[in-house]
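**Q** Based on what follows, work out the 3D shape:
(chains A and B)
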Amino acid sequence: DVKVTQSSRYLVKRTGEKVFLECVQDMDHENMFWYRQDPGLGLRLIYFSYDVKMKEKGDIPEGYSVSREKKERFSLILESASTNQTSMYLCASSWTVNTEAFFGQGTRLTVV
Amino acid sequence: GEDVEQSLFLSVREGDSSVINCTYTDSSSTYLYWYKQEPGAGLQLLTYIFSNMDMKQDQRLTVLLNKKDKHLSLRIADTQTGDSAIYFCAEIPGNTGKLIFGQGTTLQVKP
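**A** All right, here's what the predicted structure looks like:
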């Protein structure tokens, strides 16, 4: 079974902190994605990556950056956390374009 | 531009059919997808349809695609309480690799 693992289910951070959300997949997938999920807004794409060291902005990249040093790991970085970044963050991976995306369980981040 | 729209909520009685609708804007998507999210879980692919098809049936699920109107629907026959979840439609516009989701439709199934 494909497994996408997010490092934390719940996180509480203070405003201004640098926050790292980690995601690891075990199926050698090319593509990896970071979304945030908010009620009534669905999933909004923050960043995605189609290869090691490659990244593309999604629809809401402001306030975020990403890192993909190894194929299996895709990190989302909040440079200076703010309260409007309180959300559920979902990581996903897929073999390539047009193939099924597999999701992690999500990280619920609260910024206080 | 890329935009996927869904209504937010649908309530049905157990045993009835459910129809969840979606509109999208990018006609170049090769596939259109339906994902399901159960409470406290990540999303799982439920079904998908290739863009040159009008209909796809998979057990209790029927997907209808109207390319002219850019309208996608998911019909669940004999809806069960276990079908209660959030359903998302999704597309990859222009094969960009950007997997774009709608707002999600919360399906409530009443006994």
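
**Q** element containing the nearest residue to A:His29 once chain neighbours are set aside?
**A** Excluding its sequence neighbours, the residue lying closest to A:His29 (Cβ to Cβ, 6 or more residues apart in numbering or on different chains) is A:Ser93, at 3.9 Å. Where C-beta positions appear, they are placed from N, C-alpha and C, glycine not excepted. According to DSSP states H and E, A:Ser93 maps onto strand A:87-94.

**Q** circling back: the residue nearest to A:His29 bridge partners, please.
**A** A:Met32, A:Phe102 (DSSP bridges).

**Q** So A:Glu30 sits against A:Asn98, correct?
**A** No. If you go by Cβ atoms under 8 Å, A:Glu30 and A:Asn98 don't touch, sitting 11.7 Å apart.

**Q** Please enumerate the shared neighbours of the two.
**A** Both A:Glu30 and A:Asn98 lack any common contact, where contact means Cβ atoms under 8 Å, 6 or more residues apart in numbering or on different chains.

**Q** For the strand holding A:Ser93, buried residues please.
**A** A:87, A:89-94 (16 or more other Cβ atoms under 10 Å in any protein chain shown).

**Q** Reformat the residues you listed as TSV; add distance to B:Pro39 and pLDDT.
**A** Formatted as TSV, these follow (distance: Cβ to Cβ, whole Å; pLDDT from 0 to 100):
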residue	distance to B:Pro39	pLDDT
A:Ser87	17	98
A:Tyr89	17	97
A:Leu90	14	97
A:Cys91	19	97
A:Ala92	19	95
A:Ser93	23	95
A:Ser94	24	92
